[in-house]
Each structure stands twice: as C-alpha cells, then as structure tokens.
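S.K.: next come a sequence and a model predicted from it.
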Amino acid sequence: MNSRSVRVRFAPSPTGGLHLGGVRTALFNYLFAKRYNGKMVLRVEDTDQTRFVPGAEQYIVDCLEWCGIVTDESPLQSGPYGPYRQSDRKPMYRQYAEQLIVQGDAYYAFDTPEELEKMREDLKTPENPSPQYDITTRMRMRNSLSMPPGEVDALLEAGIPYVIRFRMPEGETIQFDDLIRGSISNDTGLLDDKVLLKSDGMPTYHLAVVVDDYLMKISHIFRGEEWLPSAPLHVLLWKKLGWEQDMPHFGHLPLILKPDGNGKLSKRDGDRLGFPVFAMDWTDPQTGEKTIGFKERGFLPEAFLNMLAFLGWHPGTEQEIFSLAELEAAFSVERISRSGAKFDYEKAKWFNQQHIQRTDNAVLAAGVLPFLEAAGLPVDNKDVLVRVVSLVKDRCHTLADFAEQSAFFFRAPEQIDLDSIRGKWTPEKAAFYREWSDNFNAVGSWDHESINASFETAVAASGIKKGELMLPLRIMLVGGKFGPNVMDIMEIIGAAACKERIEAALAQL
RNA sequence: GCCGCGUUGGUCAAGGGGUUAAGACGCCUCCCUUUCACGGAGGAAUCACGGGUUCGAUUCCCGUACGUGGUACCA
C-alpha cells in the first residue's frame, strides 16, 4: 500500500432500486475511508443512456443518507474532482481513447450490431458458444486494423458510426495483487477487444472507470466480485494510458447469494421469498411497480449496516452487534472473506431485534410512530408511546412489529380469543370480573401497584385461584395470550377502557 | 465451451500441520415468566472428494467434483 491519501468511491449505476449488495459495497468503501482518514466519493455511472431511470440518482443519495453513509464528494456536493456524474464528464473521455489509437493500443471499428451478431452466430460452435471480438476474429471484421487506411478515413469522414475498441495484446500475462484475494493473473490471449468508446460518444464502463479513478485520484477500489474478470483489462488500461504508478489497489468483494439455490441475490428472490432486497422502497417510474425496502419493513439503519458488514466480513472477536462507529473502528480489509455468502433474512431480523433492544425508548418511539400511524392506531400521547415501546420492544424484530404488539394499548381488540377462556369458565368467574370491575373507582391512584393490590384482594375474597383469573383477564383486555404484564397494560389503557373491555367480553361468554 | 474466483454444521463463520474444530442465526429440550416474548441452560448438526508432502493433515501442494462470476456499443 503506498502512502498517498486514501480516496475511495462508490460508483453505482442509477438504473433502479439500490440493492443490498450495493449498499454493502458502499459500506466497505466508507469503512475503509474512515479507517484511514480518507475521502469517500459518490460517482454516478450513467454512461448507458438507454438505461436512464429518472429519480434513481436521488434515490441512491437518499438511501445512503438513511443508512448513515456520509460522502465527501458527490453530484450534490461537488469537490475538486467534479463533475461526479459520468454523463456530465462525457467530453473528458474521448481524448484518452484517441491517445490509445495513436499508440496503436486501440482501433476504430465500424461493425454494426447486426454484423456483430452475425459473427457470433457464424462462429458459434459447441466448443465455443460465445465467440469474442478478439485477436482471432478482429481481422475478419470491419475496423481500422483490417481495412486500408484510406477506407477508414473515408468512413470517418462520411460520419459513419463507429466505436473505439481496445486492442488486446497477445501473449502477455496480466498480474495484480487483489487486497482480498491475493495474486490474480490472466493471459491476455483469452481476453477480448472491449469497446472503450461507444458510437454515441459515451465511454463504456471500462474506459470511464479507469479515466475517472485516475482523474479523481482514487487510491483503493472495493467493488463486487463480478468485476474480477474485467480487472485485467482495467490494469492494462492503467498501464497503456501511462498511469501505472497511480493505479489504485483493487479489492473484489465476495458476492451476496440467494438464500436458497444458487446465484447472485436479486430483487426477484426477495419478491419470491418475501423479504426486501432494496435499501428503501423503490417505485419503478415506468411500470409503477413498487418494491419494498428495508427501511419501510422497519429496519434500523445501523442494524441494516451491521447485518451487511457481517456478509463477507468478520471482526475476529465474539462481538456481533456493532454501531456504525464501532464498525469504523473495527473494520479491516484483512478480515474480508473470499467466498460468497448466502443472504439469511432470519439473521437479518435478529440483528434488527438486537439493535431495537439497545435503542433508547424515546428514539425508538419516534421511529415506531409512523408504523403505528400506518396501521391506523390512534396515538395521541408521546409519553404513553414511549412507555408502550419500552414494554413491548422485547418481542419486536422490526419497527413494523410494534403495530401488532401494541395495538391493544390504543384500541380495544377486534377479536377476542374466547375459546381459551371458555374451557374453564364458571359463573363464579363471571361474577368475579363483574364485581371487581364495578369497583375500579375504589382503586385509588390508577397505577400498577394499586391495581394489583385491588386484584389480589378481590382474588382472595373470591376463593378462586389467581392463575385461573389472570389469563382470562389478559385475554379480555388484549384479545389473546400475549403481551406484557397485565397490570402495566391496565394502568396504561385506564380504568374506563378496562371496564369496557371486560364487559364486552363478559357479554360474549 | 473457455477464463477467473471460491468450497469448515441448514445459514453466517472462527481457527489453522497434533484442538473435545469457537461463536452466532435457525431448529429441538428444559428453566424463567400465573400469557407471549426476552433472557438463561442444554442438544442435534461441519472441515466436498482423490492423490501427494509429513511422524501427523481440516490446515500446505496438485488434481477432480461442485458452486459462482465473466465471456454485451450493461454496469
């Protein structure tokens, strides 16, 4: 690792919802920058104009903000190396492609999409199902390597569309040291002549990523393993462009796989298995299709990040629950693993549950409120909400769980599990509840202690076992066999509501 | 097909030439709780296979298998 200052980037393509794998890539870059006092830049890779999706860029920014991943430079916070959107940098790329042509490391190619398809079709064999545009085929194609110079000039002058392709050398071995995987080497004879500049004048990812990383002085590149096969091309580009001494260190992150079967985790898997894949809700502007996000499912940002950090990284200690600040302090590239990890939604919920338990009740209440409102629960008192949150948080894995777990605090249960009461029901019990609730006004200050004392006294007088009376009481108040301490519930919902619910239940028994 | 990368319980994983091969999620049992959870205590469950190297391989090397990524004018 050289001594220049650390600059990393997260370079998503704004084509839709932000996948959790993307967030993890952003997180690892961010953590690395924090660890080495570096800068984190967000660069939008929108070189494919056919895949432009309105709103996707802002959505990415919003997701990072929700997560708590802070960028130092981005399209919205310009810095010394802007612009930070590749479409805005379009004029910057061509000169480098042309430099390569002059050097003999790239060439013009005039083949139409149809011609390319025909070549691939014609050359396809069982042994070689995907023929490449490479050293073995380029001389039979229409390019400045295969055609006489005069003809090339004529086409150029006539304004015939063309692309610029990299001229992959033969017989070389490209080797580089990956921060995560160690030495990686490839034989150039097997690599193809990738398009560098498209016919619309836009660079492809390959050209843009190298030019931008150079111009933006990026020192370390952490990206998904799907980029490993094209890393040799990038290394070659750094060399041919004369920037080898400034080449960043590469670190290819393991893939996040689907929980069942095999393959990269996709949005489809989430839809199919019922869990979110995107960081936040995403609505496709074309189809109007909405995809749920972790945020809206009730995840705490730090829990989300904590869970993501453990998908491919391990601190080497027993500690599993980390705040963002703790991750920043503990993160180390050496502990990133090489193998892909299957995403486990159950474990994700466990991380969330652990963070919920550690979150201050008032803070939690603020986060929970939107979920209760969405469930139509009338919450009119913040203090009561904080109290309720403290009582039910134990059993919540997501913020959304609070709605179900605390609904009875805010309104009478719609369904009462009468069957669980009827089994041992007696007229004596009915009389007990009727009499006790009629005397609620004698309880005095309506709090846990007083209510309990009143209950104990009444139970003793009735001669019925306490256990026989506690469960039905709970069911009458909350609707079922769940929830926190009954006396706490009674205190919060108030004497009047308790009496009403008991009477309503009695009427049905 | 070819090329790259990978392979410790169902999942995430620690470890690393000699260990009873950590821990967590999930699952099961029990305890706690006059409910449900939380929590606690236990339990079942793992080094892909074949060759080497070695006194000794889960660990090192080589193969094989399997998985996965790439093989686009997508990123």
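M.R.: Noted; the coordinates are in hand.

S.K.: and the stretch 1-150 of chain A, which residues reach RNA strand B?
M.R.: With the criterion set to C-beta under 7 Å from any atom of the strand, the stretch 1-150 of chain A comes near RNA strand B through A:11-13, A:45, A:47-48, A:50-51, A:111-113, A:116, A:120, A:126-130, A:132-133. Placement of C-beta: from N, CA and C, glycine included.

S.K.: among these, which lie within helices?
M.R.: A:113, A:116, A:120 (DSSP state H).

S.K.: which of those residues count as buried?
M.R.: With burial judged by 16 or more other C-beta atoms under 10 Å, the buried subset of these is empty.

S.K.: how close does the residue nearest to residue A:244 when sequence neighbours are not counted get to residue A:372?
M.R.: Computed as C-beta to C-beta, 6 or more residues apart in numbering, the closest residue to residue A:244 that is not its neighbour in sequence is residue A:238, at 5.6 Å. For residue A:238, the distance to residue A:372 (C-beta to C-beta, to the nearest Å) stands at 54 Å.

S.K.: and the pLDDT for residue A:454?
M.R.: For residue A:454, the pLDDT comes out at 94.

S.K.: buried sites along the strand or helix carrying it?
M.R.: Using DSSP states H and E, residue A:454 falls within helix A:448-462. By neighbour count with 16+ other C-beta under 10 Å, helix A:448-462 contains the buried residues A:451-452, A:454-455, A:458-459, A:462.

S.K.: returning to what we had before: who has more neighbours, residue A:238 and residue A:372?
M.R.: In terms of neighbours (other C-beta atoms under 10 Å), residue A:372 is the more surrounded of residue A:238 and residue A:372; the figures are 23 against 19.

S.K.: who's in contact with that one?
M.R.: Shown in contact with residue A:372 (C-beta atoms under 8 Å, 6 or more residues apart in numbering): A:379, A:385, A:402-403, A:406, A:410.

S.K.: next one: residue A:85
M.R.: Counting by C-beta under 8 Å, 6+ apart, the residues that residue A:85 touches are A:43-44, A:46, A:57, A:75.

S.K.: quick one: which of these is most hemmed in?
M.R.: Ranking the contacts of residue A:85 using other C-beta under 10 Å puts residue A:43 first, with 26 neighbours.

S.K.: my read: residue A:464 touches residue A:431, true?
M.R.: No: the criterion here is C-beta atoms under 8 Å, and residue A:464 misses it with residue A:431 at 9.9 Å.

S.K.: give me the more crowded residue out of the two.
M.R.: residue A:464 (16 against 13).

S.K.: Provide the secondary structure category for that one.
M.R.: coil (DSSP: H, G, I helix; E, B strand; the rest coil).

S.K.: go on, residue A:25?
M.R.: On the basis of three-state DSSP, residue A:25 is classed as helix.

S.K.: please determine how far it is located from RNA strand B.
M.R.: Distance of residue A:25 to RNA strand B, given as C-beta to the nearest atom of the strand, to the nearest Å: 11 Å.

S.K.: what's the burial count for that residue?
M.R.: Going by other C-beta under 10 Å, the residues that sit close to residue A:25 add up to 21.

S.K.: what ranges does chain A have for its strands?
M.R.: Assigned by DSSP state E, chain A shows strands spanning A:7-10, A:39-42, A:106-109, A:163-166, A:173-178, A:182-187, A:195-197, A:220-224, A:249-253, A:256-257, A:282-283, A:290-291, A:341-342.

S.K.: before we move on, the earlier item: roughly how far does the residue nearest to residue A:244 sit from residue A:191?
M.R.: Distance, residue A:238 to residue A:191, by C-beta to C-beta: 15 Å.

S.K.: again, but for residue A:185
M.R.: From residue A:185 to residue A:191 the distance is 12 Å (C-beta to C-beta).

S.K.: what lies in contact with the worst-scoring helix or strand of chain A on mean pLDDT?
M.R.: Lowest by mean pLDDT, DSSP states H and E among the helices and strands of chain A is helix A:419-422, with a mean of 90. Here helix A:419-422 makes contact (C-beta under 8 Å, 6+ apart) with A:471-472, A:475-476, A:480-481, A:505, A:509.

S.K.: then it to PDB, C-alphas only?
M.R.: C-alpha atoms of helix A:419-422 as PDB (Å, rounded to 0.1, in the frame of the first residue of the first chain):
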ATOM      1  CA  ASP A 419     -62.200 -20.200  23.200                       C
ATOM      2  CA  SER A 420     -59.200 -20.000  25.500                       C
ATOM      3  CA  ILE A 421     -61.500 -18.700  28.300                       C
ATOM      4  CA  ARG A 422     -64.500 -20.900  27.800                       C
END
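
S.K.: buried set for that helix?
M.R.: residue A:421.

S.K.: wait, does it contact RNA strand B?
M.R.: No: contact of helix A:419-422 with RNA strand B (C-beta under 7 Å from any atom of the strand) is absent, the minimum separation being 8.5 Å.

S.K.: same question for stretch A:473-484.
M.R.: Yes: taking C-beta under 7 Å from any atom of the strand as the criterion, stretch A:473-484 and RNA strand B are in contact, through A:474, A:481-484.

S.K.: stretch A:317-327: how far from the chain's middle?
M.R.: Centroid separation for stretch A:317-327 versus its chain: 18 Å, with C-alpha atoms, centre = their mean, to the nearest Å.

S.K.: what does the pLDDT read for residue A:82?
M.R.: The predicted local confidence for residue A:82 is 86.

S.K.: that one reaches residue A:92, doesn't it?
M.R.: No: here residue A:82 lies out of contact with residue A:92, judged by C-beta under 8 Å, at a distance of 11.0 Å.

S.K.: before we move on, back to that, of residue A:185 and residue A:191, which one has the most company?
M.R.: residue A:191 (22 against 9).

S.K.: and that one, how close does it get to RNA strand B?
M.R.: Applying C-beta to the nearest atom of the strand to residue A:191 and RNA strand B gives a distance of 8 Å.

S.K.: so what does that residue have for phi and psi?
M.R.: phi -90, psi 160 (degrees, to the nearest 10).

S.K.: which residues touch it?
M.R.: When contacts are taken as C-beta under 8 Å, 6+ apart, residue A:191 is in contact with A:134, A:168, A:232-233.

S.K.: could you work out the most separated pair of these?
M.R.: Farthest apart among the contacts of residue A:191 by C-beta to C-beta are A:134 and A:232. That separation is 13.4 Å.

S.K.: between the two, which has more neighbouring residues?
M.R.: Taking other C-beta under 10 Å, residue A:134 and residue A:232 do not tie; residue A:232 has more neighbours (22 against 18).

S.K.: how many other residues sit next to residue A:385?
M.R.: That count, for residue A:385 with other C-beta under 10 Å as the rule, works out to 24.

S.K.: of the contacts of helix A:419-422, select the buried ones using a ChimeraX command.
M.R.: Command for ChimeraX that selects the buried part of the contacts of helix A:419-422, burial taken from 16+ other C-beta under 10 Å:
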select /A:472,475,476,505
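
S.K.: nearest spatial neighbour of residue A:203, skipping sequence neighbours?
M.R.: residue A:93 (4.0 Å).

S.K.: what score does that neighbour have for pLDDT?
M.R.: 98.

S.K.: next, count neighbours for it.
M.R.: Neighbours of residue A:93 under the rule other C-beta under 10 Å: 23.
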